[in-house]
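S.K.: Got a predicted model here, sequence first, then my questions.
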Amino acid sequence: MSIVRYNDKLLSVVHHNKSLNSVVIYNSETENLELVKLDHDESNGSHGRRRRSVPSQFEFVCPDCGYQCNINPPSSNESPRRSSGSDFLRNDYFRLLARADSGNESNKELISTLIHQAHPADIDQIPVELINQGYFKKFFSVLGDLGNGSNGKVLKVEHKLFNLQLGVFALKKIAIGNHFGNLVRILNEVKFLYSLTESSNTTNANIIKYNHVWLEVDQISSFGPQVPVVFILFEYCDGGTLEQFIENLLQPKFDIKLEKMRRRMKKKGIKGAGTDRRYLNNFEIYKIFKDVLNGLHHLHEQKTLHRDLKPSNCLFKTKFPDDYKPIDSVDDLGQIPNLVVSDFGESIMENSKRNSTGCTGTLEFCAPELFEEVDPGQLHDFSYYSDVYSLGMILYYICFGKLPFKSSDQNAIREEIVSCNLFEDMDKLRRDELLPDYLRLIRLMCDPDAKSRPTCEQVMLQIEHIHNKLAKQSYKKFALARALWQTGLNIAQILLNIWLCPYPVLNNLQFVLVGVLISQKKVRYLMWLELALTMLFLALSIDSYWTGVFSSSDQ
Ligand SMILES: Nc1ncnc2c1ncn2[C@@H]1O[C@H](COP(=O)(O)OP(=O)(O)OP(=O)(O)O)[C@@H](O)[C@H]1O
């Protein structure tokens, strides 16, 4: 039997799970997917050796690391194993899986339901690969609820193929309801948004990765009817939302594990650990805001508006480390998990609701112009400027842990937004050293005149200045530590000189010079201390020198 190479034109690896030693191969001729177990026991992904070819096997070349080996077909008595996630997932993996499954009979049921509710011409326009009745049940299992939004529940799901669990994802179901007329437009726009996240350079772009969208007839609530539902599969973020994070900082929930850690750290004299109530410091504000800004900038570069930017739509990809304590150096920014902007796909779906309710997203983050009518009954459209306003409001929220509204009533909030004097007493809210640059940025981004607001690109430049300031602060901290260390070292050296050298005068003179040269700015007090000590030891050593000279001449 011949060996078929993975990079043969017909076959490609679309999924590689290192912890399960498995790959999914797609055959473009038969449009079939096949799960194969790798023929080696390494599970950490550090492949390195080439394996001998065995008949009836594929030769596999890992697209990730270039490792080559032979792969076996999956055995039928394979027991399911849990995986922490996939290591390589081709962008169109779920679409290929849907295509492989598209011949299924259940699609007829879905199509007949759609025909009952829409014009047949509309049905023809629905992209065929999006209709896939039973796809969810066949390839996913529900692990739990992640939360509720205005569109319904978000679920934590696990993808399974041939009884193997191949990764954890988030899934949102949106019932089409009365918006059926817009279905085609909605689906096409959501598809466009996937293409945004499909490009390979989005890994560091701080936007959520959408994996697949499809349509099924489903029962959203236990007693409700069967309705067409859009299923949206996207990246699972383990660290929770920015809103949850800030709320927990200001009103920490009791957690026995954290409490124990906090006590341990307090004993060691470490401040700000565990469940202490606190504001975010300048370094933390910088990192979190920069991530949100990056995400929005990426969307704007792709000529896409977010329309519903708010802290609950910003997700930390991973959890904060258990022993996290507030960072105080730009070198430690990496300790804060990366944040991604999500939900930009769904806001388009809600656009149709906008004219009737006045605002798509959460009212608090809406720019004042969005409440103005351009024509009777026709509200102002979303724009890059209105997204930047929401970004400014997010910066306010990150800095102060709350929003600037006096009232909690929605109508009163709307009036406060339109009155445009939300940020007057901002300077007095925090007594610690919050950089005034942040306050300036908030005022700029939330300028009542939309056109005066900066673009994301301009905010990027401002944030670079803030980074430079913070870098200097971190340097000062290290400069102090360095000065302390240097002083200790010099003192030790002088003592050693006095002890070892009979004529230490010249040796010690160099320390006097070094002390004078570096006695500048903030570290000068330490340097003066060092200088004083050096002089003292110098005097002592001169004394001992002359004592030595006289005692030798006496003899
Ligand atoms: N990718 C994800 N990974 C982990 N949790 C998520 C993910 N997406 C959403 N969640 C959780 O699900 C909750 C509901 O999300 P959803 O986007 O539906 O609503 P929302 O943004 O909070 O509100 P709205 O629908 O009004 O915009 C979020 O608050 C978050 O806790």
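M.R.: Thanks, I have it.
S.K.: Domain-wise, how is the protein divided?
M.R.: As recorded under the TED database, the domains making up the chain are 1-38+58-72, 277-500.
S.K.: Is the ligand within reach of the longest one?
M.R.: Yes: using Cβ under 6 Å from any ligand atom, domain 277-500 reaches the ligand at Asp308, Ser312, Asn313, Leu315, Ser342, Asp343. Where C-beta positions appear, they are placed from N, C-alpha and C, glycine not excepted.
S.K.: so how far is Tyr389 from the residue of the stretch 51-200 of the chain found nearest the ligand?
M.R.: When Cβ to the nearest ligand atom is the measure, the stretch 51-200 of the chain has its nearest residue to the ligand at Gly149, with 2.1 Å between them. With distances taken as Cβ to Cβ, to the nearest Å, Gly149 is found 22 Å from Tyr389.
S.K.: Between the two, which has more neighbouring residues?
M.R.: Taking other Cβ atoms under 10 Å, Gly149 and Tyr389 do not tie; Tyr389 has more neighbours (24 against 14).
S.K.: My read is that the more buried one contacts Lys451, right?
M.R.: No: under the criterion of Cβ atoms under 8 Å, Tyr389 lies out of contact with Lys451, with a separation of 11.8 Å.
S.K.: List the contacts of the residue in the stretch 301-450 of the chain positioned nearest to the ligand.
M.R.: Across the stretch 301-450 of the chain, the shortest distance to the ligand (Cβ to the nearest ligand atom) belongs to Ser312, at 3.7 Å. The neighbours of Ser312, taking Cβ atoms under 8 Å, 6 or more residues apart in numbering as the test, are Gly149, Thr241, Leu242, Glu243, Gln244, Thr362.
S.K.: just the buried members of those residues?
M.R.: Buried residues within the contacts of Ser312, defined by neighbour count using 16 or more other Cβ atoms under 10 Å: Thr241, Leu242, Glu243, Gln244, Thr362.
S.K.: Looking at those, spot the one nearest Asp381.
M.R.: Distances from Asp381 to those, taken as Cβ to Cβ, are shortest for Thr362 (18.2 Å).
S.K.: which ones are touching the closest one?
M.R.: Here Thr362 is in contact with Asp308, Lys310, Ser312 (Cβ under 8 Å, 6+ apart).
S.K.: now those residues in a markdown table, with distance to Tyr397?
M.R.: Formatted as a markdown table, the entries for the contacts of Thr362 read as follows, by distance: Cβ to Cβ, whole Å:
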| residue | distance to Tyr397 |
| --- | --- |
| Asp308 | 15 |
| Lys310 | 9 |
| Ser312 | 11 |
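S.K.: Just the residues you listed: which are in strands?
M.R.: Secondary structure of those is defined by DSSP state E; no position falls in strands.
S.K.: and the least confident of those?
M.R.: In terms of pLDDT, the lowest of the contacts of Thr362 is Asp308, showing 88.
S.K.: Surely Ile232 touches Val213?
M.R.: Yes: under the criterion of Cβ under 8 Å, Ile232 makes contact with Val213 at 5.3 Å.
S.K.: Spell out which parts of the stretch 101-250 of the chain neighbour the ligand.
M.R.: By the rule Cβ under 6 Å from any ligand atom, the part of the stretch 101-250 of the chain lying against the ligand is 146-151, 154, 170, 172, 234-237, 241.
S.K.: And the buried ones among these, selectable in PyMOL?
M.R.: The buried residues among those can be selected in PyMOL (16+ other Cβ under 10 Å) with this line:
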select buried, resi 146+151+154+170+172+234+235+236+237+241
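S.K.: for the residues of the stretch 101-250 of the chain next to the ligand, which one is nearest Asn163?
M.R.: Looking at those and their distance to Asn163, the nearest is Tyr236, at 20.8 Å (Cβ to Cβ).
S.K.: All the helices of the stretch 151-300 of the chain, in order from the start?
M.R.: Shown for the stretch 151-300 of the chain, the helices assigned by DSSP state H, counting those that start in this stretch span residues 183-198, 242-250, 256-267, 282-301.
S.K.: Please apply the same query to the stretch 351-500 of the chain.
M.R.: Remark: helices of the stretch 351-500 of the chain, listed N- to C-terminal, are 384-400, 410-419, 436-445, 456-500; assignment by DSSP H, counting those that start in this stretch.
S.K.: Mind putting these into JSON lines with mean pLDDT?
M.R.: What follows is these, written out as JSON lines (pLDDT from 0 to 100):
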{"stretch": "helix 384-400", "mean pLDDT": "96"}
{"stretch": "helix 410-419", "mean pLDDT": "91"}
{"stretch": "helix 436-445", "mean pLDDT": "96"}
{"stretch": "helix 456-500", "mean pLDDT": "79"}
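S.K.: Nearest to Gln378, out of those?
M.R.: Put simply, out of these the one that sits nearest Gln378 is helix 384-400, at 15.6 Å, with distance taken as Cβ to Cβ.
S.K.: Could you tell me which residues within that closest one count as buried?
M.R.: By neighbour count, with 16+ other Cβ under 10 Å as the criterion, the buried positions of helix 384-400 are 384-400.
S.K.: quick check: angle from that helix to helix 436-445?
M.R.: Between helix 384-400 and helix 436-445, the angle comes out at 150 degrees (axes from the mean of the first three to the mean of the last three Cα atoms, to 10 degrees).
S.K.: C-alpha coordinates for helix 384-400, CSV please?
M.R.: Presented in CSV, the C-alpha positions along helix 384-400 are these (Å, rounded to 0.1, in the frame of the first residue of the first chain):
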residue,chain,number,x,y,z
TYR,A,384,-16.0,56.0,14.2
TYR,A,385,-16.5,59.0,16.4
SER,A,386,-19.3,57.3,18.4
ASP,A,387,-17.1,54.2,18.9
VAL,A,388,-14.3,56.5,20.2
TYR,A,389,-16.7,58.1,22.7
SER,A,390,-17.5,54.6,24.1
LEU,A,391,-13.8,54.0,24.3
GLY,A,392,-13.4,57.2,26.3
MET,A,393,-16.2,56.0,28.6
ILE,A,394,-14.4,52.7,29.1
LEU,A,395,-11.2,54.6,30.1
TYR,A,396,-13.2,56.5,32.7
TYR,A,397,-14.6,53.2,34.0
ILE,A,398,-11.1,51.6,34.2
CYS,A,399,-9.7,54.7,36.0
PHE,A,400,-12.5,55.2,38.5
